[in-house]
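*Asks:* pasting a predicted model and its sequence here:
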Amino acid sequence: MSSENSEQPLVHPRAALGRLPRYAAGKPPVQLEGMQSFKLSSNENPLPPLAEVLQAIADHPEVNRYPDPTAAPLRAALASFLDVPADDIVTGGGSLGALNQILAAFSGANDGAEPDEVIYAWRSFEAYPISVGLAGARSVQIPLAAGARHDLDAMAAAVTERTKVIILCTPNNPTGPVLHTAEVEDFLAKVPSDVVVVIDEAYVEFVTDPEAVQGLEMYRKYPNVVVLRTFSKAYGLAGLRVGYSVSQAELTQYLRVAAVPFAASSLAQFAAISSLELYPKILERVQSLVLERERVVNGLRDLGWPVPDAQGNFVWLDLKQDSAEFAALAEAQGLAVRPFAGEGVRVSIGEVEANTRFLEFCRDSTIRPAE
């Protein structure tokens, strides 16, 4: 190879890659001498999997074999648990993997024509624009309304003939509010029936609002609705990456084509099935985190901090330009939180001691959200 050729790039990424944001995972805490540090930056369950779940993993060491490619045992367990047909369930590598399969099946670049459009609220889950862009589609981001909630009227008004998918994140990550049944039904009545509406319920187990929309109810009533769920949050299996979608046969026939083979590993499937069998114990743990969430929210409000409705396992602080500085000060106190530059800070609900230290930090902080 000539020196002239060796100076030239050998490969070029797709142009879309240069337009995509980089996913920024929550940072681990800095280890401080004489002080325990806590990670409150990734919405992880601070509690480890149940001992029985860990045993179920240990009982299946045959990781030299591929898992069932359709995750049939897990889908059968989910079908019984959710009271839905197993054929309506498609597994993925976490709920994000399941979402990527939906986007691959229903949105893209269309062989040189104008790209399809995917509508979602913003700020919402930061992986959405990355996944949409990699699918070859165009993001249509609709700013949140008052209370850090989805502006469903604006989202409905943004629908065009190129709209193929709409994503509703409830509870919304990172801001916390949940969508209500009445407003979602009104929204779905405005959306063309050939537009796929994804209801992302990654945090559904933490929801206590009695008016919260139930994704499975919407899926049963509307053939264009897909529900996303995960074992990462409430079940404490984030490291195993297992999620799934639920939709009617009209959609699942295409999702199975787009599904990544063997995305749900055998260990993930065994752990998920065991967790479903132990759901009463899982629910006890979820309730303990919900009580801690309520303690944190009430504590912040008692300090005069405005906090949006929190229905996930996290709270949102509308700190805008002070977000990065707040996160740095929290880090100095052994607390890793998740700043979104210029917007706000998301703080996951963690161990009791971590939550108490966070409240004390906020009590003494000179940085506060605007009223």
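*Replies:* Thanks, I have the structure now. Numbers count the residues shown, from 1 in each chain.
*Asks:* which residues in the stretch 151-300 of the chain form helices?
*Replies:* Ranges of helices within the stretch 151-300 of the chain are 152-157, 181-190, 215-221, 249-258, 266-277, 279-302, based on DSSP state H, counting those that start in this stretch.
*Asks:* tell me which of the ones you listed sits nearest to Thr91.
*Replies:* helix 266-277 (8.0 Å; Cβ to Cβ). Backbone N, C-alpha and C define where each C-beta goes, glycine included.
*Asks:* got the contact list for that closest one?
*Replies:* With Cβ atoms under 8 Å, 6 or more residues apart in numbering as the contact definition, helix 266-277 has outside contacts at 49-50, 52-53, 56-57, 59-60, 62-63, 65-68, 71, 73-74, 77-78, 81, 91, 231, 235, 237, 240-242, 264, 282.
*Asks:* just to check, Leu40 is in contact with Ala354?
*Replies:* Yes. Contact status for Leu40 versus Ala354: in contact at 6.1 Å, counting by Cβ atoms under 8 Å.
*Asks:* and the pLDDT at Phe231?
*Replies:* What the model reports for Phe231 is a pLDDT of 98.
*Asks:* can you tell me which residues contact it?
*Replies:* Contacts were defined as Cβ under 8 Å, 6+ apart; by that measure Phe231 touches 237, 240, 242-243, 268, 271-272, 275.
*Asks:* TSV for those, including pLDDT, distance to Glu183 and neighbour count?
*Replies:* Putting these into TSV (pLDDT from 0 to 100; distance: Cβ to Cβ, whole Å; neighbours: other Cβ atoms under 10 Å) gives the following:
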residue	pLDDT	distance to Glu183	neighbour count
Leu237	97	31	24
Leu240	95	34	22
Val242	97	30	28
Gly243	98	25	26
Ala268	96	34	24
Ala271	97	35	26
Ala272	97	31	27
Ser275	97	31	24
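*Asks:* distance to Phe358 for those residues - can I get that in TSV?
*Replies:* Supplementary listing: the contacts of Phe231 in TSV, determined by distance: Cβ to Cβ, whole Å:
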residue	distance to Phe358
Leu237	25
Leu240	27
Val242	29
Gly243	28
Ala268	31
Ala271	30
Ala272	31
Ser275	28
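*Asks:* on that earlier part again, among the contacts of helix 266-277, which are located in strands?
*Replies:* For the contacts of helix 266-277, the ones inside strands are Thr91, with DSSP state E as the criterion.
*Asks:* just the buried residues of the contacts of helix 266-277.
*Replies:* When burial is judged by neighbour count using 16 or more other Cβ atoms under 10 Å, the buried members of those are 49-50, 53, 56-57, 67, 71, 73-74, 77-78, 91, 231, 235, 237, 240-242, 264, 282.
*Asks:* isn't Ala202 right up against Leu228?
*Replies:* Yes. Using Cβ under 8 Å, Ala202 is in contact with Leu228, at 6.8 Å.
*Asks:* mutual contacts of the two, please.
*Replies:* Shared contacts of Ala202 and Leu228, defined by Cβ under 8 Å, 6+ apart, comprise 95, 243.
*Asks:* domain ranges for the chain?
*Replies:* Following automatic domain parsing, one gets these domains for the chain: 3-48+280-364, 62-277.
*Asks:* quick one: the shortest one to chain centroid distance?
*Replies:* Relative to the centre of its chain, domain 3-48+280-364 is centred 14 Å away, using Cα atoms, centre = their mean, to the nearest Å.
*Asks:* again with stretch 363-371
*Replies:* For stretch 363-371, the distance from its own C-alpha centre to the chain's C-alpha centre is 28 Å (Cα atoms, centre = their mean).
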